[in-house]
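A.B. asks: Sequence and computational prediction follow.
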Amino acid sequence: MDDQRVCLTIDCWTPNQQIPFLCLTVHYIDSDWCLKKRILKISNYKGETIAKLIEDCLRKWGIKKVFTITVYNATVNDVAISILKRRVNGWEWSVLNGEYMHVKCCAHILNLIVNDGLKELHHSISSIRVVVRYIRLSTVRVDKLSACVAKEKIDFKGKLVLDVPTRWNSTYKMLEVALKCQKYFERYEEEDRKYSQYFLKEEGGKKKFGPPSKIDWANAS
């Protein structure tokens, strides 16, 4: 890919094992004017090694003409892109000395905007999130949910969804699915003695949110 100008995207995430991973993807237009993308590398990393990890990968694949690098908003990424910009400029293949190389991820910016707006409904969303987590923690509770859904003839097929902070649409999906099972959640206390006790326990030194009230369900709808 020596003569091919490309754009890069970097996605970072940390799974339950608390080991950060990075995925480097290259995007380019081939000789038939078709947009292509390929994953160059998936690797665990440390913050200070992001730039070196990407530089080594680009050298390995013979990539010199980097047009843009898209990353989510984070100080560690700002530092990494600054280092990479100097490297690519040194290869003398950058456009306008890399002035427009650093592109901030629009999806991540949108996620920040939506989450800022959701702060107004923090208590209601957190209450529903806690009860969804409680059900998902036990296969017995999940089976009870399925039985109740069938008994009450609730229009729901699938599983409860637990959201993640970095994906606002996962919060939307969690609420959408939970609302379909609202009747079940409202009567679950009658079927599970441990249900009320669960919300009395502290989590991180604070009382858990929930169970969701009618106002919480109304706010989520």
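C.D. replies: On my side now, so go ahead. Numbers count the residues shown, from 1 in each chain.

A.B. asks: looking at this structure, which residue lies furthest from center?
C.D. replies: Farthest-out residue of the chain from its mean C-alpha position, per CA atoms, centre = their mean: E92, at 35.5 Å.

A.B. asks: measure that one to D56 for me?
C.D. replies: 19 Å (CB to CB, to the nearest Å). To be clear about C-beta, it is placed using only N, CA and C from the backbone, and glycine gets the same treatment.

A.B. asks: ok, then the element right after the helix or strand bottoming out on mean pLDDT in the chain?
C.D. replies: Every helix and strand of the chain was ranked by mean pLDDT, DSSP states H and E. The lowest is strand 202-203, at a mean of 68. Downstream of strand 202-203, the next assigned helix or strand under DSSP states H and E is strand 206-207.

A.B. asks: Touching, S170 and V177? I think so.
C.D. replies: No. Counting by CB atoms under 8 Å, S170 stays clear of V177, with 10.7 Å between them.

A.B. asks: so what's in contact with the two at the same time?
C.D. replies: Shared contacts of S170 and V177 (CB atoms under 8 Å, 6 or more residues apart in numbering): V161.

A.B. asks: For the residue nearest to G98 when sequence neighbours are not counted, what is the enclosing helix or strand?
C.D. replies: Spatial nearest neighbour of G98, excluding adjacent residues (CB to CB, 6 or more residues apart in numbering): K85 at 4.1 Å. Assessed by DSSP H and E, K85 sits inside helix 75-90.

A.B. asks: can you give me the strands for this structure?
C.D. replies: Here the chain has its strands, by DSSP state E, at 6-13, 21-29, 35-44, 66-71, 102-104, 202-203, 206-207.
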